[in-house]
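Undergrad: Sequence unavailable; structure follows:
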């Protein structure tokens, strides 16, 4: 054991050498010859600053694995330190096991160096192509919450998480430190954060680096952690990082042992490590009058002028030789045995853990059939009333029950289950909370699998980590506040897209957002709670990883959810209402409709929907009601008009098939919408979302989309529709404008306009929606 | 003084009474008669839970104002507690001063109650219609950073900030506590946060409520604050909140006095207050078996069943009468003198401070003329080379110098000034940092007006607060990471839109984003650093508050910035490059081009741009280069083809004029793009952004938009263009596909395709862009 620990210094020298070589060299990668310019890469890309620190942690974790056999997954926040991860993966032989071209010898190292930052090679940052990796670390802030997601319900796993001091400045990271309050030591694994204080961001000191040890200790104790500060800025001898990791592991296993023996700590103070080291430790201290090591000048590529500057070339060679590569690698470039002595082997290697390719661990959910939960509509469309999310809650409760043993399904949400009528689920599994609660509370439970925290960022990070390690989940969240995680969605969509391009990656469960408390019914709140833009953001992503669903009633919601909780590799968004509303389709009809993505509702159309003069289209629960009400008005007042009603449940079906895989074939599109028929489209979100999807379809200017246009605030539901021009009367008036050849159309439009304005005035007088609206029901 | 302090209890009773009345009553608002159902509002909207706590703080601040004459601005994080703010504004007479219909008597109270949550009245939350308010508090997380923004460079101002314990769970709030490290006590004012622990979110305990006093104290000391915990859950007698506020103010003035005397504290430990109170304090303790006061059941409208349930009606009446309104208001409903004794008067009232309507304090910037900074292009378009952001930096440096006395211009950025070639500005004003830095650092300064923190959320909040209080600023940020603040932009756009609808609000400076490090040139990084979606998000907002600018070179960037730093009431986005690039327009031409929004570049067109067979359009610096290169290729190889080159600098000029105020008139649009000419459009962002703008223009399907389609990662700049189909050859091939009647077109397209593929292969061989690309220059 002693010799293994001694070996970590040689190991770290080797890893630092390899990381530097990846950034600079394309040839002579073992420095068997004097360094010449032609050995350098033409473009020097990458970031050196974090590399030595990442290796310090990696090597210490290797010691833990060797000495105690711990199951370690590493989440590297500073993903731009990827050269270090590659170096460690190459040294431990993971790279070789994934791809023999990256063998643990000189040719393999040369190939690794060639690929790093090359077109079609490994990108500058971590990516799905890097074994053992579940987090890219490009946009900062999400490493810590992701690590917690990987630890929930994985009692044997230790997720080490490097948090850079740049990343630590972000809000999402600052909020995620509270996650221990939700981690159950009995049923979950552990997260060991290493806050890596190397002192600098890209051109300034980090604010954590300006905090004293006393401030850091107070801060993390306040969060509930047990912080340990390790300072290696001056070489303290020994291997203090490994010592700290082993010590932390001892504390972790103690917390877990007590909890699993039924005697949990009241406020488990999990260990975390604050690691002070020099930025870019090992790089030249000063070259050409500029300080490098220990300053922000070491952040990216130090000695970036090496192609032109002889002093820099000499400094680079001296720097690389300072690691004494000839001691570390044999003639064939194989790491010598003493270098690898501290390195775990086989499946215990950090890069080889299956959680790093979580799809391998994933078991499809045993989903209950929706039949028992479906709403019956025996009287035909519109004759039953139900709250879509409340109906869904019944089915989700059974999903929760069926996963009680496997513990591989969680619901993450910003404190909204009850508000969104999903609280039946709490009967099957409580709200996870570990910290003691002395006051009044309902449905809290240490091992609960419903997670509510008022941070969309934390929910998203938790869920990403949970899904990436092979589990399942659902993210119900207020529609208007989902954009809080726009940028996390952006990055996760990139991760998924890249994952699909890596042959050995196994698909993980899709991430499903359930957008609730839709803006059309914000009621208790106001303008801030209106905002359907999450749809628009998702539509900018690669079409192979996205889906947008707007089920118009409870049964279509059930069918949609049944599909999405079995789906893999995508981000899917579902918007659904929580208020009691008319139910249109029985379960069979809902299945057919959802399978088609969009279809004609003949029962709501005149002339059976055939040969339409005009199409009334709709997507989303509330606009569907208004569209049907408009259809109803027109059928009564202008019975001769041939009007087809089309509902769209899979929004991307509107896109041309070359732009989205769900896009309807041209013929289907023509069958539904014709080629020059005017289409009045009642839409749940911003009209521009539909506008952009229609680009490339025949004559898109005949689509008159009425949706949310940022009008209205606290008022009645109907008044909000009127403010945005989406009320039944607005839709009917728009339709009449495009119904040629009906002499009554103009007068009728004027009368609808007056009716709309009278209702508006009545709402102002009474402060409530008129019975004409609230009690309206579809009548066949 | 003693009697004033005694008066606060009566004052608070009155404010609590009024707040409750606003939620429940439409008549009998002073309870002169027994409460009957017809006195109730038909729909009960609003949130009671936070109201008593807000009034506790408001009353304590009133004491501070009365006793010490302090200039207090209040930022209320829990904006749904608006009934309390309204109650205090009505009591202090601010409401009456703004609108005589809201007089301080029974009729005014009745009118206030009528308006609260009524259509066209005051919304449920705070809003710009509420005097003294700069923050809506609907989406949680941003109160604290906004408060700091209001305090910078306002040395006499104390910004009190109520942070709810729900809001405290958010990442953006957790990150914003570090803001003291950036606040200079010599040149800035103070922020006094009150963390309001009432224990519950909408249906669960808050995590801060489960923290012990020791944990809370440690946490905030760790952040650098001096926390004081005040517990009023059991009535402790006296006025401990006012005592704590006065005590905090004493500490604040001490910090300021020492700093202003040239002897600043090394680590100023600003006071903050942790206020523990009961959720919905004062509401019935228990009704119908359900606990209300002190639980989450008090969050929204307690007794929501009062319309149907007699027990609840009785409980409501008892609750309202428990405040003894008859003691508080005279026969006319005027608050009695002892109630108002603790209330400040005149301009010192919190609601009357001009910073609450910051446009009144705003002085337009004395902007320098751009002439001295403009790039000369004496040899004609494309003959000069410059880095657009570096050129801009010269002009911004002068803006910074000219505001040295007024201190009303700041740059907020997530650590990117140097990286984005804007660092010349640091010569005029350093990076603000107050905490001592012992290691290596450059350009830090306590009073600096460049603010770099690795948190887009914090930057955005700071800037919003700074602008809302009448100052100016700029937010340069990585294009790919701007979506981190998508949701803050959403909410701020709503704020601005509502502000425009409030007659007395004075416009504040527009918020200008400078998106730098554009995805097309991410180079050192990779796929995570590619993402132009901030444009798409801004396009979903109300067109009256948005602008999107894509200046193609340094001079157009200067002209654009000159316009935007003088602009008010909007959110403007500018994307510009930092790398040296060809310069197309001299300053005069740039002025004409920017004034038009889009125009034909005749010098780049064949046939002088007349009677085009095809239009090559472009928007954005990099696509403009590729488009000109494509035009150049085609001119050489197919000289007979009449090709017009159009550049778009104001993206919204593409929209129909009824959808965006910048939208070109139909005639102008036809003049530029014809009615059936094919248009190949090289675009900086996602093609869908252009697709949606074109909806409603004649035959949008003739626009073939080539933009970023989520392809590529770390590679060369040219390879990234090829991966996304935006390279010169891709544009030229697309053009040739639509250039009918040129027999050579097909062969030429094939040869361009081969050329593109050969370049791609060469890049793979060499790892760098070929000289053919890097040295290409436009030749007339």
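TA: Sure, I can see it. Computed from a predicted model, the values in this text were never measured in an experiment.

Undergrad: quick one, helices of the stretch 251-400 of chain A?
TA: Assigned by DSSP state H, counting those that start in this stretch, the helices in the stretch 251-400 of chain A fall at A:310-321, A:325-328, A:337-340, A:388-402.

Undergrad: Just want the angle from the helix or strand just after the longest one to helix A:388-402.
TA: It stands for helix A:388-402. The helix or strand immediately downstream of helix A:388-402 is strand A:409-413, counting by DSSP states H and E. Strand A:409-413 runs at 140 degrees relative to helix A:388-402, counting by axes from the mean of the first three to the mean of the last three C-alpha atoms, to 10 degrees.

Undergrad: Could you report the neighbour count for the residue nearest to residue A:303 when sequence neighbours are not counted?
TA: By the measure of C-beta to C-beta, 6 or more residues apart in numbering or on different chains, the closest residue to residue A:303 outside its immediate chain neighbours is residue A:312, 4.4 Å from it. Quick note: C-beta positions are derived from backbone N, CA and C, even for glycine. For residue A:312, the count of nearby residues is 18 (other C-beta atoms under 10 Å in any protein chain shown).

Undergrad: cool, residue A:60 as well?
TA: Around residue A:60 sit 27 other residues, with neighbours defined as other C-beta under 10 Å.

Undergrad: ok, now residue A:675?
TA: 11.

Undergrad: cool, and residue A:97?
TA: The local packing of residue A:97 (other C-beta under 10 Å) involves 17 other residues.

Undergrad: now swap in the one 3 residues further on and tell me
TA: Counted by other C-beta under 10 Å, the residues lying close to residue A:100 total 10.

Undergrad: swap in residue A:327?
TA: 12.

Undergrad: Same question for the one 4 residues further on.
TA: The number of residues packed near residue A:331 is 10, by other C-beta under 10 Å.

Undergrad: Which pLDDT value goes with it?
TA: On the pLDDT scale, residue A:331 is placed at 96.

Undergrad: same check, this time on residue A:481
TA: pLDDT recorded at residue A:481 is 96.

Undergrad: most packed of the helices of the stretch 251-400 of chain A?
TA: Ranked by mean neighbour count under mean count of other C-beta atoms under 10 Å in any protein chain shown, these are led by helix A:388-402, which reaches a mean of 22.

Undergrad: looking just at contacts, which helices and strands does it meet?
TA: strand A:409-413, strand A:511-516, helix A:554-564 (3 or more C-beta pairs under 8 Å, 6 or more residues apart in numbering or on different chains; DSSP states H and E).

Undergrad: Tell me which stretches of the stretch 1-150 of chain A form helices.
TA: Taking DSSP H, counting those that start in this stretch as the test, the helices found in the stretch 1-150 of chain A are A:2-24, A:51-68, A:82-92, A:94-98, A:106-115, A:143-151.

Undergrad: Make TSV out of the ones you listed and add distance to residue A:270 and mean pLDDT.
TA: Shown next, in TSV, are the helices of the stretch 1-150 of chain A (distance: least, C-beta to C-beta, whole Å; pLDDT from 0 to 100):
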stretch	distance to residue A:270	mean pLDDT
helix A:2-24	25	86
helix A:51-68	16	97
helix A:82-92	24	98
helix A:94-98	28	98
helix A:106-115	36	98
helix A:143-151	10	98
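
Undergrad: could these be laid out in JSON lines, adding distance to chain B?
TA: As requested, the helices of the stretch 1-150 of chain A are exported to JSON lines (distance: least, C-beta to the nearest C-beta, whole Å):
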{"stretch": "helix A:2-24", "distance to chain B": "10"}
{"stretch": "helix A:51-68", "distance to chain B": "14"}
{"stretch": "helix A:82-92", "distance to chain B": "9"}
{"stretch": "helix A:94-98", "distance to chain B": "18"}
{"stretch": "helix A:106-115", "distance to chain B": "8"}
{"stretch": "helix A:143-151", "distance to chain B": "9"}
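
Undergrad: Determine which of those helices approaches residue A:204 most closely.
TA: Among the helices of the stretch 1-150 of chain A, the nearest to residue A:204 by C-beta to C-beta is helix A:51-68 (17.9 Å).

Undergrad: and the angle from that closest one to helix A:2-24?
TA: Orientation check (the same axes, to 10 degrees): helix A:51-68 against helix A:2-24 gives 150 degrees.

Undergrad: Next up, the contacts around residue A:467.
TA: A:149, A:358, A:473, A:508-511 (C-beta atoms under 8 Å, 6 or more residues apart in numbering or on different chains).

Undergrad: again with residue A:120
TA: Residue A:120 neighbours (C-beta under 8 Å, 6+ apart): B:715, B:764.

Undergrad: could you redo the last one with a cut-off of 10 Å?
TA: B:713-715, B:719, B:763-764 (C-beta atoms under 10 Å, 6 or more residues apart in numbering or on different chains).

Undergrad: again, but for residue A:477
TA: Contacts of residue A:477 (C-beta under 10 Å, 6+ apart): A:412-416, A:420, A:456, A:459-460, A:484-485, A:513-517, A:534.

Undergrad: pLDDT averaged over the strand or helix carrying it, what's the number?
TA: Per DSSP H and E, residue A:477 falls inside strand A:472-478. Strand A:472-478 shows a mean pLDDT of 96.

Undergrad: Show me what it pairs with in its sheet, parallel or antiparallel.
TA: Strand A:472-478 sits in its sheet next to strand A:409-413 (parallel), strand A:511-516 (parallel), going by DSSP bridges.

Undergrad: Now do that strand against helix A:143-151, angle only.
TA: Using the same axes, to 10 degrees, strand A:472-478 lies at 130 degrees relative to helix A:143-151.
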